[in-house]
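A.B. asks: Pasting a predicted model and its sequence here:
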Amino acid sequence: MPQRLIQLNRSGPRADAAVQVKPVLPVTRRAFIETYGCQMNIGDSEIMAASLVDQGYVTVDSPEMADVIVVNTCAIRENAERRVIGRIGHLQQYREHNPHLVLAVTGCMAQRLGEELLGTSSGVDLIAGPDAYRGLGRLVDDIRSGDQTRGQALLAFDADENYEGLAAVRREGVAAWVTVQRGCNHRCTFCIVPYVRGPEKNRDPLAIVSEVRDAVRDGYTEVSLLGQTVNSYRHGSVGFAELLRKVARVDGIRRVRFTSPHPNDVDDSLIEVMAEESTVCAQLHLPVQSGSDRILRRMVRRYTVEKFLDTVKRVRDSIPDVALSTDVIVGFPGETESDFAATLELMRRVRFDDAYMYRYSLRDGTPATRLPAEDFIDAATSGRRLESLIALHRLIQREIQESEIGAVREVLIERVARSPGDVLGRTESNKVVAFPGGPDQIGTYANVRLLSTTGATFRGERSA
């Protein structure tokens, strides 16, 4: 499901802060932003909202209210792109009552497909890649006024663009996303990110800490540091571990998370900070991708299964209660039944608390497209393997969850649950818990006793 960036009627911290923009806003300056994909895209949508706010726009919560619609896209998997193409077609209906509507497509898919998205029948007025958001509000205004023609493309990479000085308009929610790194230097053969986001760029640590302090002033107590391979961060003499410690010690911060790290960059200094700083959550995402050394070499992951398992051991030795999650791809070209069996064995050995599991999706422009055609795995085989992997993970996850029943955990309440009379929140280890509560409690913490589990989520009750 896409994330929708909402500025009006916020239920998160400091709901009043979001509307402190220009004193008079014309009623025809309204923008709707719809976000697909990862947390980096959520952070980017908040930057785009800032660019639009600087031009006098207010973000609204439905496309029919908007004069500008921005679809912020993902290019990681083909299915995501197909959904966006369908959504672009669906959004054309709003032109009927608003002929001056501007429809912009931004993000990784816009960068990957480029001017293909601007065909005469596409209905797209503007495309912008990840380094072009600072000028988005100005260009939208120029298109609406007729000073610029429709069909604009902003796709150039900018080695210096970190969006410093552009204060994010944060989405609805109780945690603040703070981007510390853009782009990626890890050129895994399956991944399109380096080609649509460019090489790694790391922000000034002073600017990052300042943004975290601003988030605290706006009422946030949890922050998540974002980067494509966030723990490879380095700016001058400051590495990621030192940055994490600085953020963890900002007054008013109660929880710090980071995503998405690369296993190769989980060093002893990072583990030490995680173990020593009480505000850093005992939770770590370690994307393994495969349990086969042969497939890992083909993916150019630059670690072996043995090295990965050693990293897991070092983390668990220092942080015994850490919750680990991972990403796994099945059906990568050349994967044999033996390779897949090795992945299942790794899952049994590590016993991840959570896992994001996918069939391999071929992306044009990635090195994997040059692998021999006969190495590609048919859909039936990769689908069967994915089902087996999911079944194993769910069994392990349920066993882990059931071992926690009866424990009391601190939960940050995020939203109203679907079950009547309940709220939904997360523990420090990122476990989801539903328990009785109301919307007035969103953004607060509660001690909750875990009563039962579905395998993926907990049912709980408040504990004194």
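C.D. replies: Alright, I've got the coordinates.
A.B. asks: where's L101 relative to R255, distance?
C.D. replies: Here L101 is placed at a distance of 40 Å from R255 (Cβ to Cβ, to the nearest Å). Quick note: C-beta positions are derived from backbone N, CA and C, even for glycine.
A.B. asks: Between the two, which has more neighbouring residues?
C.D. replies: When L101 and R255 are compared for neighbours, R255 comes out ahead with 22 against 19, by other Cβ atoms under 10 Å.
A.B. asks: How about the contacts made by the more buried one?
C.D. replies: If a contact means Cβ atoms under 8 Å, 6 or more residues apart in numbering, then R255 has 175, 221-223, 279, 281, 412, 428 as its contacts.
A.B. asks: ok, now S224?
C.D. replies: Shown here is S224, whose contacts under the criterion Cβ under 8 Å, 6+ apart are 39, 175-178, 256-259.
A.B. asks: Return the closest of the residues you listed with respect to Q92.
C.D. replies: Nearest to Q92, judged by Cβ to Cβ, of the contacts of S224 is Q39 at 29.1 Å.
A.B. asks: Surely I253 and T221 touch.
C.D. replies: Yes - contact status for I253 versus T221: in contact at 6.6 Å, counting by Cβ atoms under 8 Å.
A.B. asks: which stretches of the stretch 51-200 of the chain have low pLDDT?
C.D. replies: In the prediction, the stretch 51-200 of the chain carries residues with pLDDT under 70 at positions 120-121, 171-172.
A.B. asks: mind listing the helices for it?
C.D. replies: Assigned by DSSP state H, counting those that start in this stretch, the helices in the stretch 51-200 of the chain fall at 78-91, 108-113, 136-145, 193-197.
A.B. asks: For L91, list the residues it contacts.
C.D. replies: With contacts defined as Cβ under 8 Å, 6+ apart, L91 is in contact with 63, 69, 71, 103, 123.
A.B. asks: If we use 7 Å, what do you get?
C.D. replies: 63, 69, 103 (Cβ atoms under 7 Å, 6 or more residues apart in numbering).
A.B. asks: Tell me which of the helices of the stretch 51-200 of the chain sits nearest to M299.
C.D. replies: Taking Cβ to Cβ, helix 193-197 is the member of these nearest to M299, at 13.5 Å.
A.B. asks: Quick one: residues in contact with that closest one.
C.D. replies: Surrounding helix 193-197, the residues in contact under the criterion Cβ under 7 Å, 6+ apart are 75, 108, 111-112, 130, 182-184, 187, 228, 365.
A.B. asks: can we see that at 6 Å?
C.D. replies: 75, 108, 111-112, 130, 183-184, 187, 228, 365 (Cβ atoms under 6 Å, 6 or more residues apart in numbering).
A.B. asks: now stretch 144-160
C.D. replies: Stretch 144-160 is touched from outside by 100, 102, 111, 114-115, 118, 125-129, 131-132, 142-143, 198, with contacts defined as Cβ under 6 Å, 6+ apart.
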